[in-house]
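> Got a predicted structure here, sequence first:
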Amino acid sequence: ETGVTQTPRHLVMGMTNKKSLKCEQHLGHNAMYWYKQSAKKPLELMFVYSLEERVENNSVPSRFSPECPNSSHLFLHLHTLQPEDSALYLCASSQAPYNSPLHFGNGTRLTVT
Amino acid sequence: SQQGEEDPQALSIQEGENATMNCSYKTSINNLQWYRQNSGRGLVHLILIRSNEREKHSGRLRVTLDTSKKSSSLLITASRAADTASYFCATVNNDMRFGAGTRLTVKP
């Protein structure tokens, strides 16, 4: 049990679908992150929230839309995705942005057909 | 770039042997962190070493940091089959950047 729960674990969607990934942390942390992990590439930081405010957006395409309604929940809304968006999407949380260890969920394996 | 780069990309050893993985980076850092990832799972934090520290230990893990060479190493002693995983370093300055990882296989 990691303390960070992601749902669903697997998702297959067509290019015209709209879906959402959900992340919940039970650790009382103040920062939450979305990372994208593609095969044989470094983890790509997508979004960072600190105290429910977005503090970083690494030029992510607008077809990815994050939402952080409170410090325990983080969503990633997906629409009009491309096949190259297929990847493992990892959510993480930490006490403070970056300078404390990240706790990761087990990810959502996304396949775009 | 600030992003760490692990070396080697893949490492295969026998159970009981030591495994050493290296991480190099190019800019100044506040701290450097090592993580492990088992196949299909999330990353698990192993050790955080701050820029003013040179060495840290945790069980069978030993991490060193040489800021003059901009490099760090992770040593796993007396490896076990359960240590088979990918290992990542992450460099922290204004953000956190991960490398592509070292894939470690420990054969029983």
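All right, it came through fine.
> Contacts only, for the closest residue to chain A within chain B.
Residue of chain B nearest chain A, by CB to the nearest CB: B:G42 (3.3 Å). All C-beta spots, glycine's among them, are computed from the backbone N, C-alpha and C. Neighbouring residues of B:G42 by CB atoms under 8 Å, 6 or more residues apart in numbering or on different chains: A:2, A:4, A:6, A:90, A:92, A:104-107.
> right, and out of these, which lies closest to chain B?
Among the contacts of B:G42, and counting by CB to the nearest CB, the member closest to chain B is A:F104, at 3.3 Å.
> What's the separation between the residue nearest to that closest one when sequence neighbours are not counted and B:S28?
Closest residue to A:F104 apart from its sequence neighbours, by CB to CB, 6 or more residues apart in numbering or on different chains: B:G42 at 3.3 Å. Separation of B:G42 from B:S28 (CB to CB, to the nearest Å): 28 Å.
> send the alpha carbons of the worst-scoring helix or strand of chain A on mean pLDDT over as CSV?
Each helix and strand of chain A was given a mean pLDDT (mean pLDDT, DSSP states H and E); the minimum falls on strand A:53-57 at a mean of 79. Extracted in CSV, the C-alpha atoms of strand A:53-57 (Å, rounded to 0.1, in the frame of the first residue of the first chain):
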residue,chain,number,x,y,z
GLU,A,53,-2.5,25.9,-6.8
ARG,A,54,-0.7,24.9,-10.0
VAL,A,55,2.9,25.9,-9.7
GLU,A,56,4.3,24.3,-12.8
ASN,A,57,3.1,23.3,-16.2
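> do it and chain B meet at all?
Yes - against chain B, strand A:53-57 shows contacts by CB under 8 Å from any CB of the partner chain at A:E56.
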